[in-house]
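[1] Give me a model of this one.
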Amino acid sequence: MAVQTTSDRPRKLAGYDFYHQILGSPKLIVAPMVDQSELAWRILSRRYGAQLCYTPMINAKMFSPPSAHAYRAQAFNTSCLEEGSNTHDRPLIVQFCANNPSQLLTSALAVQDHCDAVDINLGCPQDIARKGHYGSFLMDEWELIHDLINTLHENLSVPVTAKFRIFPSVEKTVAYAKMLESAGAQILTCHGRLRTQRGQNTGLADWAHIKAVKEAVQVPVFANGNILFHEDVAKCLKETGVDGVMSAEGQLYNPALFVPASSGNLSSTLTGAHPPHADLALEYLAIVKALKTPTSTSAVKGHLFKIMHPALSRETDLRERLGRIRGSNVIEEYIEVAKKMKERMERDAAEVMKGGRKIDDLITIEPTTGLRVLPHWLSQPYFRPLKSPTEASKRPSSPIPTSHEDVKRARLSGQSAVRDMYISL
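    All right, here's what the predicted structure looks like:
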């Protein structure tokens, strides 16, 4: 189905009309990720199957003042005619965090002509959100949340959507979702984790809550959480009944997460694509280099450490070199590191695959999670093994234990760096 642009629209559509006619019925969605779902990453993601992307979270308090030129240029740069453009960057939802309806509306009005909807972040669990009084720390202030959503619903030319975390009880989660819907949210994204599930306590997302939300509301619902491999997408759609599946961390480590395996795939057990990570890194860097819109060096470096993570623990000289890069010529230096990584990975793959060996022969199982570990030259999800059985026993159990692997997923721990703590929002 053809996706319409902002200028094509005769009127503001709602709910499933918006989902189908404007967004094109997306099922594969890239999450809003601080300093990581920037324009260059969104372009790469769409090349590898993403059907809808969100911007990184933008702080409405900082974005709304007329004098906020520097922050606006950094957060959502429309001056180069690429970010939010019909040719480069659609469909697109811009996400804000806020606690003031007036500031939120001012910010949203500034971007509404460059996106397909505006999303409100009700899920950030980090200390910065506690201090700033936004994200999941508004969860108990339903009247304020209603005002935030309804203000945009009544005043924007594009729909408002909301992304939120769950409460401990299914009943309260459902009541919360229905309140968001009644306020005017036209799509709900349910991240099936509690506000307390972050960092080392990230644990497993609860698909049972997401399923209950889907069954209770009339607007489209996206699921967020537990998407590490390609087959998890179909499993989530089946178990929850949602309209789309959103990935954050899984897609950062493998931007080809949404792509099915090719007919020439060397594995009989992997249903999705796992391209050589150095190739993905070089492709991303080529996009960054080609854009007029600046990409922050922190975003680029963060992506490279994630994409090439499977090999950086082995290639310590490249890891150290990557970490030391500074200055005005950083992209060229990043490209040199990625090229060197590509050479080494091709060497390793050629050596290991001698004699017609298949990828399946090289896949191992991480003992504390039960998850597959692929050869180190391939893109793949990252997870930190638990330190002890005692720690593992504190993790939430799987709401949908359909297999031994699903049960072990409950032991998943958190992210690998400070920035990673934001990306599972």
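
[2] mean confidence for whichever strand or helix holds Ala349?
    For Ala349, the host element (DSSP states H and E) is helix 330-352. Averaging pLDDT along helix 330-352 yields 97.

[3] Contacts for that helix, please.
    276-279, 281-282, 285, 288-289, 297, 300-301, 304, 308, 311, 315, 318, 321-322, 325, 327, 362, 375-377 (C-beta atoms under 8 Å, 6 or more residues apart in numbering). Backbone N, C-alpha and C define where each C-beta goes, glycine included.

[4] 6 Å - rerun?
    276, 278, 281-282, 285, 289, 297, 308, 318, 321-322, 325, 377 (C-beta atoms under 6 Å, 6 or more residues apart in numbering).

[5] Confirm for me that Val242 is in contact with Lys214.
    Yes - with contact defined as C-beta atoms under 6 Å, Val242 and Lys214 form a contacting pair (5.2 Å).

[6] got any ranges where the stretch 151-300 of the chain has weak pLDDT?
    Low-confidence segments of the stretch 151-300 of the chain (pLDDT under 70): 264-266.

[7] residue contacts, Leu105?
    With C-beta under 6 Å, 6+ apart, Leu105 has these contacts: Thr151, Asn155.

[8] Now name the helix or strand holding it.
    Judged by DSSP H and E, Leu105 forms part of helix 101-111.

[9] Flag every buried residue along that helix.
    Pro101, Gln103, Leu104, Leu105, Thr106, Ser107, Ala108, Ala110, Val111 (16 or more other C-beta atoms under 10 Å).

[10] Return the alpha-carbon coordinates of it using CSV.
    Once non-C-alpha atoms are left out, helix 101-111 reads as follows in CSV (Å, rounded to 0.1, in the frame of the first residue of the first chain):
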residue,chain,number,x,y,z
PRO,A,101,1.1,20.6,27.7
SER,A,102,2.0,24.1,26.4
GLN,A,103,5.7,23.3,25.9
LEU,A,104,4.8,20.0,24.3
LEU,A,105,2.3,21.6,21.9
THR,A,106,4.8,24.3,20.8
SER,A,107,7.4,21.7,20.1
ALA,A,108,5.0,19.4,18.2
LEU,A,109,3.7,22.2,16.1
ALA,A,110,7.3,22.9,15.0
VAL,A,111,7.7,19.4,13.6
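
[11] I'd like to know the average pLDDT value across it.
    On average, helix 101-111 scores 98.

[12] Look up the closest residue to Ala162, ignoring the ones flanking it.
    Closest residue in space to Ala162, ignoring its immediate chain neighbours: Ala185 at 4.3 Å, by C-beta to C-beta, 6 or more residues apart in numbering.
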